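> what would the 3D arrangement of this be:
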Amino acid sequence: MSFQTPRTIVTLGALALAAAGTMSSLPSQAAPAPRAAAQRLEATLRPSGDPDGSGEGHFRLNKTRGRVCATVTWQHIADPDSAHIHRASDGGIVIDLSGAVTGGAHCATGVPERTIARILRHPGRFYFNVHNATYPAGAIQGRLRR
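This is a model prediction of the structure:
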């Protein structure tokens, strides 16, 4: 095939246009739906047992993945051995995030979408509590907020 004759150039141009037309007539595949972004909440942790304790909790909640992650800092309390998100109404544990304070996994997985939706809809109806051997009912805690 020679690229020097005008006929060849026209033929190549026609082929390119034909191929472009064919490609545009192919069924397009829908782009995958973007994953819902994790929503963030936080809590300022104040004494609930230990009068000198304080800290902060930062949470990422993802309904579609059923995942809740926590980053927690604390000061002036004995080493934590567990941590949870509790219902404020009755103190019931809703999500176990103990790994976030013991060096384990910082995320709880398999959390029902409905549970995460409730927390996100009304974060002030929930609190985060850090427990230790000295204060097994809780050393520090704080209400969730945006």
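
> quick one, strands of the chain?
39-47, 54-62, 67-75, 80-87, 93-96, 107-109, 126-132, 140-143 (DSSP state E).

> direction included, what does the shortest one pair against?
Translated: strand 107-109. strand 67-75 (antiparallel) (DSSP bridges).

> doesn't residue 131 make contact with residue 48?
No. If you go by Cβ atoms under 8 Å, residue 48 and residue 131 don't touch, sitting 9.5 Å apart. C-betas here are computed from N, CA, C, even on glycine.

> shared neighbours of these two, anything?
Jointly contacting residue 48 and residue 131 under the rule Cβ atoms under 8 Å, 6 or more residues apart in numbering are 137-139.

> about what we covered before: higher neighbour count, residue 48 and residue 131?
Taking residue 48 and residue 131 together and counting by other Cβ atoms under 10 Å, residue 131 has the greater number of neighbours (22 against 18).

> could I get the contacting residues of that one?
By Cβ under 8 Å, 6+ apart, the contact set of residue 131 is 80-84, 137-139.

> need the pLDDT of it.
At residue 131, the model reports a pLDDT of 98.

> follow-up on the earlier one: which of the contacts of residue 131 ranks first by neighbour count?
Looking at those with neighbours defined as other Cβ under 10 Å, the largest count falls to residue 139 at 29 neighbours.

> distance of that one from residue 70?
As judged by Cβ to Cβ, to the nearest Å, residue 139 and residue 70 stand 16 Å apart.

> one more: residue 54?
The gap separating residue 54 from residue 70 is 16 Å, by Cβ to Cβ.

> those two: which has the busier surroundings?
For the pair residue 54 and residue 70, the greater number of neighbours falls to residue 70 (25 against 17), based on other Cβ under 10 Å.
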